[in-house]
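Colleague: Output the structure for:
(chains A and B)
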Amino acid sequence: MNGWDVFTWFNAVVLVTATSVIFLFFLRDAGKVLKGGMREE
Amino acid sequence: MLPDTLISSLDIAIVVGYLALMIGIGIFIYRKAPSFEEFVVAGRSMTTPILVCTLASTYYGLEDLFGTSEFAYNDGIVAYFGYTLLSLGIYVFAAFTLAKRLRREKFISLPEILERYYGRDAGILGAVASFSYSIPALSLFALGRICEVTLGVDAWKGALVLGLVALVYTLLGGLWAVAITDTIQFVLMMVTVAIGIVLLMGDVGGFAAVQEIAAEGYFKPLGGMPIWLLIAYVASLISVLVDPGFYQRIFAARSARQARNAIFIAIGIWLAYDWLVTAGGMLAKAAVHQGMLPAGLHSNDALLSGVIMALPAGLVGVFLAGVLATAMSTMDSYSLVAGTNLAYDVYRPLRNPDATDAELMRHTKIGIVISWIAGFALAFVFDRLMALWVFTATLLTSMVLVPIMAAIFWKGKRAPLAGTLSCLTGLVATIAFYLAIAWLGVENETYGTYIWSFSIGGVPYEVWQEYALYFTLPISLLGFLVGILFGNESQPPAKEVST
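Modeller: Okay, the predicted model is just below:
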């Protein structure tokens, strides 16, 4: 495995982890907003 | 079309399920009966995670998925270290400078900035430019093209069906429906691209296989390209600074801090995603060399073919749904912007300044349908769509960049004439430049553009159609300065939008 392979693996892991975390926060926030109305606080 | 063996019935079922889910989301939002402000800027209630998803998916459309991978397939890592890194600099600038000011003043649309600072005429000129730019012709065409390549369906039929799905959920749910569907697209694309590229890397034997066949400069960060050429290329992306969809997301943020944080996180996501897209293009080249992909593969289809080949059944359907959603997320966002322009920025100031919430909603929806029909007609009648998109992006940037940046940063005299003249001179300069280049220049089939070649004192020069902004922006600035010198000073009233 050369340096570019490692760099690609690194980016893939970062992307999947970041996407999962953001999606969980999205679900939390979108749920709150849509349940409580869509107006600004 | 791709071989049938690569796409199973399970994959087709996943795509159909995805489309049904999109419509369901539209109906869910519709039943909450959103007001005009909720429909257009999501009630300014979007938090950082929601904004990250909608920013990352809207601004990474098919041109990135196919354009960057094609660039990487042909030229190597310069696609990432040259083009991507430089272009993300524009977003860093936007995060630092624009987010706070734009969010604080509670605008609804980009032309409203012009209307509030320079009066009705400048606002309407800006609305015309924003509407032209937002007609979703290119994304409808791309939607059809993907259907043709992956499913073997006629392009216009694919664009009609999928475009209608996007139209329906946009009409039902406005920006919230757009943002939720953007999020699903965001997750589908990021995860399947990450898995697909890693599997493709394993299939071809890693980057060692690419290095064996790489041409000179394939692994050089700037690929042998002069830095000024890359800067000129990236300068064409300056339209991001006046992109009405980008502004709409900042207006929709719960606070300026949430908008700024979202842009920074989205930049981090783009950095990882763009490398994978670049790697995909390069690895697909090795796959072609090894006979795993057809020798005549078009470089534009390299990533799509490589990832579909590498992914197992089921995940191919998820990836295809993500690719289709990429085009749909661009299409829905811009048709919503175009609808807002017709209703809020043209109908309201010209015909009904006291329009009620219900009237604005109705006219926005009519505007969305008009922009969709115009986009569909252009997509399948006009054969130079990319040139048309470049023209409308140039027109928008030439007309509104100077007055909007002045509205945000200029602390001196404010004159409505400056905004109107800047928009008008930008408009006239763009049309004059395009006509002049078409008349003096020669059409270049390879690049699909016009180039005017001439020499001064024996030194040859070339002016490309793509250089328009270097001429039109200074003229628009000149128009602005003349307006400041001769226009009457006024302070347009700071207006709050009633909801």
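
Colleague: Give me the average confidence score over the helix or strand where B:Ala406 lies.
Modeller: Using DSSP states H and E, B:Ala406 maps to helix B:385-409. For helix B:385-409, mean pLDDT rounds to 90.

Colleague: in it, what's buried?
Modeller: For helix B:385-409, a neighbour-count test (16 or more other CB atoms under 10 Å in any protein chain shown) marks B:385, B:388-407 as buried. (C-beta placed from N, C-alpha, C; glycine too.)

Colleague: close to chain A, is stretch B:284-293?
Modeller: No. Using CB under 8 Å from any CB of the partner chain, we find that stretch B:284-293 stays clear of chain A, coming within 11.7 Å at best.

Colleague: So which other helices or strands are in contact with the helix holding B:Ala406?
Modeller: helix B:110-118, helix B:120-134, helix B:137-146, helix B:357-381, helix B:416-440, helix B:468-486 (3 or more CB pairs under 8 Å, 6 or more residues apart in numbering or on different chains; DSSP states H and E).

Colleague: at 6 Å what do you get?
Modeller: Helix B:385-409 is packed against helix B:110-118, helix B:120-134, helix B:137-146, helix B:416-440, helix B:468-486, with contacts defined by 3 or more CB pairs under 6 Å, 6 or more residues apart in numbering or on different chains; DSSP states H and E.

Colleague: Can you give the contact residues for it?
Modeller: B:101, B:113-114, B:117, B:126, B:129, B:132-133, B:137-138, B:141, B:239, B:242, B:419, B:422-423, B:426-427, B:430, B:468, B:472, B:476-477, B:480 (CB atoms under 6 Å, 6 or more residues apart in numbering or on different chains).

Colleague: Would you confirm that B:Phe107 contacts B:Phe251?
Modeller: Yes. Using CB atoms under 6 Å, B:Phe107 makes contact with B:Phe251 at a distance of 5.4 Å.

Colleague: More neighbours: these two, which one.
Modeller: B:Phe251 (24 against 20; other CB atoms under 10 Å in any protein chain shown).

Colleague: How much space separates that one from A:Lys35?
Modeller: 23 Å (CB to CB, to the nearest Å).

Colleague: again with B:Gly26
Modeller: B:Gly26 is 18 Å from A:Lys35, by CB to CB.

Colleague: Of these two, give the one with the bigger neighbour count.
Modeller: Under the criterion of other CB under 10 Å, the comparison of B:Gly26 against A:Lys35 puts B:Gly26 first, with 26 against 8.

Colleague: Now do the contacts for the more buried one.
Modeller: Here B:Gly26 is in contact with B:168-169, B:172-173, B:177 (CB under 6 Å, 6+ apart).

Colleague: export the residues you listed to TSV and tack on pLDDT?
Modeller: Below are the contacts of B:Gly26 laid out as TSV (pLDDT from 0 to 100):
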residue	pLDDT
B:Val168	94
B:Tyr169	92
B:Leu172	92
B:Gly173	90
B:Ala177	89
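
Colleague: Buried subset of those as a PyMOL selection?
Modeller: PyMOL command restricting the contacts of B:Gly26 to the buried ones, with burial defined by 16+ other CB under 10 Å:
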select buried, chain B and resi 168+169+172+173+177
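
Colleague: quick check: mean pLDDT across stretch B:269-278?
Modeller: 93.

Colleague: Then stretch B:305-322?
Modeller: 85.

Colleague: for chain B, what are the nearby residues on chain A?
Modeller: Counting by CB under 6 Å from any CB of the partner chain, the residues of chain A close to chain B are A:2, A:4-5, A:8, A:11-12, A:14-16, A:18-19, A:22-23, A:25-26, A:29-30, A:33, A:38-40.

Colleague: Among these, which lie within helices?
Modeller: If you go by DSSP state H, the residues of chain A next to chain B have A:4-5, A:8, A:11-12, A:14-16, A:18-19, A:22-23, A:25-26, A:29-30, A:33 in helices.

Colleague: Give me the ChimeraX select line for these, limited to the buried ones.
Modeller: Of those, the buried ones go into a single ChimeraX selection, burial set by 16+ other CB under 10 Å:
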select /A:4,5,8,11,12,14,15,16,18,19,22,23,26,29,30,33
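
Colleague: Helix, strand, or coil at B:Trp452?
Modeller: State at B:Trp452, reduced to three classes by DSSP: H, G, I helix; E, B strand; the rest coil: strand.

Colleague: just the buried members of the contacts of helix B:385-409?
Modeller: By neighbour count, with 16+ other CB under 10 Å, those hold B:113-114, B:117, B:126, B:129, B:132-133, B:137-138, B:141, B:239, B:242, B:419, B:422-423, B:426-427, B:430, B:468, B:472, B:476-477, B:480 as buried.

Colleague: what bits of the chain have low per-residue confidence?
Modeller: Just going to use chain A. Along chain A, the parts satisfying pLDDT under 70 run over A:37-41.

Colleague: Chain B, not that one
Modeller: B:1-7, B:60-63, B:224-230, B:232-233, B:236, B:446-448, B:491-499.

Colleague: now the strands: where do they sit in it?
Modeller: Under the criterion DSSP state E, chain B contains strands at B:442-444, B:449-456, B:459-464.

Colleague: Run through the residues that contact B:Arg348.
Modeller: So B:Arg348 contacts B:Ala355 (CB under 6 Å, 6+ apart).
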